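Novice: Using only what follows, build the 3D model:
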Amino acid sequence: MEALTISGGAMTVRKFKPVTVQPESETPNGFYFLSSLDQAIPFTMMTIYRYEKGSGNVGEVLKQALSKVLVLYYPLAGSMAICPEVNQVTKFKCGKFTLGIGISHSLVDGVSGMNFVNSWAQIARGKPVTAVPFHDRTLLKSRVPPQIKYPYDDFVQIADTSDTESLYQRDPLVHKLFVFDADRIAATKKLALSEGKVKCCSSFAAVTALVWRARSQALGMKPHQLTKIRIMADFRSKFGTEALPENYFGNAVVTTASLCSAGELCERPISFAVEQIQKAVEQLDEDYVRSRMDFVDTYKPPLSSVGTLVISSWTRLAYGMSDFGWGDPSQFGCGDLARELCVYFPEGEGKKGIAVVLALPLSAMNAFEELVQI
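Specialist: Reported below is the predicted structural model:
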């Protein structure tokens, strides 16, 4: 145990030694197959839950329930060379507590990770687990021989003709949250539809168009600079249940992309950006996904952050079901983001807006904040 004083003694935090929690009973031994989709995302996915009330035995309840749920979700109890899992509980004198969770993205995507946390919560409440995980990841194994049918803009290497790298080296990286409320989204949809280029416009496409354009301008991209949007898309609904059973535990997400110049993106009407986003999303089906896996395993192409924005939407994740016995979380968020990543959350209960979290160099963040307020 160590004592830490913050803000000149305003708060004292006691930090206890980490405790390793083992599965309650024996689990399968040996190596665990990871698909190329799993291996493509070897970083830790950090989430935090805030609860308005708890009890003195919060930590013990969570440990006991974790030991039980790891029997079902046994890959999380294994060992990896990169990105181990961490669990941390912070209790406050007022009775509130926060739960911070870090899981390797190679083991879970958003849906799988949320199923694990909600199953953990069910056990803590003394309830049966409803989302029993399906563990056979060989269902997403690449084909032999490979059947590559499409080009993939995801892997196009972009030259840094705007020298944005020097901006990242010069300025500190800062994270901020911006809320696009229902009125702002409706106005953007109306504008995109009035231009006659698109027939419909989702809230996701409207917000993504605004963010992509503003971020490109804030980073000072020159008109001829190529810029890429990569959208992380869950493809479970694109596969039949025979091909990918319910509660598949693993990564069932791929990125689908669109590529254009910063000049086209920022100087043409907003409907142009919406159209690029829609084209990227519409190409996603089972054939596209399996071809992409074959492409990756055949060529092992590198990914680059230059000129690239990656969108990950968490607006449909069921974090409101993570009740460990003290009520639903009042807030849910993520840890630090990679510089090219942008995450979407629901604006709040009963609201229809989208909260956007992203990281930018300080000067670019200041410019982005002005641009999105226009």
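Novice: list the buried ones in stretch 240-254?
Specialist: Judged by neighbour count (16 or more other C-beta atoms under 10 Å), stretch 240-254 contains these buried residues: 244, 247-254. For every residue, glycine as well, the C-beta is placed using N, CA and C.
Novice: try stretch 32-44
Specialist: 34-38, 40-41, 44.
Novice: CSV for those residues, including distance to residue 237, secondary structure and pLDDT?
Specialist: What follows is these, written out as CSV (distance: C-beta to C-beta, whole Å; DSSP: H, G, I helix; E, B strand; the rest coil; pLDDT from 0 to 100):
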residue, distance to residue 237, secondary structure, pLDDT
34, 23, coil, 91
35, 18, coil, 92
36, 21, helix, 90
37, 16, helix, 92
38, 20, helix, 92
40, 21, coil, 86
41, 20, coil, 83
44, 27, strand, 86
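Novice: just the residues you listed now: which is nearest residue 320?
Specialist: Of all the buried residues of stretch 32-44, residue 320 sits closest to residue 44, with 23.3 Å by C-beta to C-beta.
Novice: pretty sure the closest one is in contact with residue 107, am I right?
Specialist: No. In this structure residue 44 lies outside contact range of residue 107 using C-beta atoms under 8 Å: 10.1 Å.
Novice: Report the central residue of this structure.
Specialist: residue 312 (4.6 Å; C-alpha atoms, centre = their mean).
Novice: before we move on, which element is that residue in?
Specialist: Residue 312 belongs to strand 308-313 when elements are defined using DSSP states H and E.
Novice: Please report the average pLDDT across that strand, rounded to a whole number.
Specialist: For strand 308-313, the mean per-residue pLDDT is 97.
Novice: For the next helix or strand after that strand, name the packing helices and strands.
Specialist: Later in the chain than strand 308-313, the nearest helix or strand by DSSP H and E is strand 331-334. Contacts defined by 3 or more C-beta pairs under 8 Å, 6 or more residues apart in numbering; DSSP states H and E place strand 331-334 against strand 44-51, strand 341-346.
Novice: Next, the residues that contact the strand holding residue 312 from outside, please.
Specialist: Here strand 308-313 makes contact (C-beta atoms under 8 Å, 6 or more residues apart in numbering) with 110, 158, 204, 208, 211-212, 215-216, 227-232, 255, 338, 340-344.
Novice: among those residues, which ones are buried?
Specialist: Burial by neighbour count, judged by 16+ other C-beta under 10 Å, picks out 110, 204, 208, 211-212, 215-216, 227-232, 255, 340-344 from those.
Novice: Just the ones of those in helices?
Specialist: 110, 204, 208, 211-212, 215-216 (DSSP state H).
Novice: can you put these in CSV and add pLDDT?
Specialist: Output for these, formatted as CSV (pLDDT from 0 to 100):
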residue, pLDDT
110, 93
204, 97
208, 98
211, 98
212, 98
215, 98
216, 98
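Novice: about what we covered before: run the chain-centre distance for the strand holding residue 312.
Specialist: Put simply, strand 308-313 sits 9 Å off its chain's centre (C-alpha atoms, centre = their mean, to the nearest Å).
Novice: do the same with stretch 12-22
Specialist: 27 Å.
Novice: mind listing what's buried in it?
Specialist: residue 21.
Novice: now do the same end-to-end measure for it.
Specialist: Distance across stretch 12-22, first residue to last, is 30 Å (C-alpha to C-alpha, to the nearest Å).
Novice: what do you get for stretch 313-323?
Specialist: 22 Å.
Novice: For that stretch, list every residue counted as buried.
Specialist: Quick answer for stretch 313-323 (16+ other C-beta under 10 Å): 313-314, 317, 319, 321-323.
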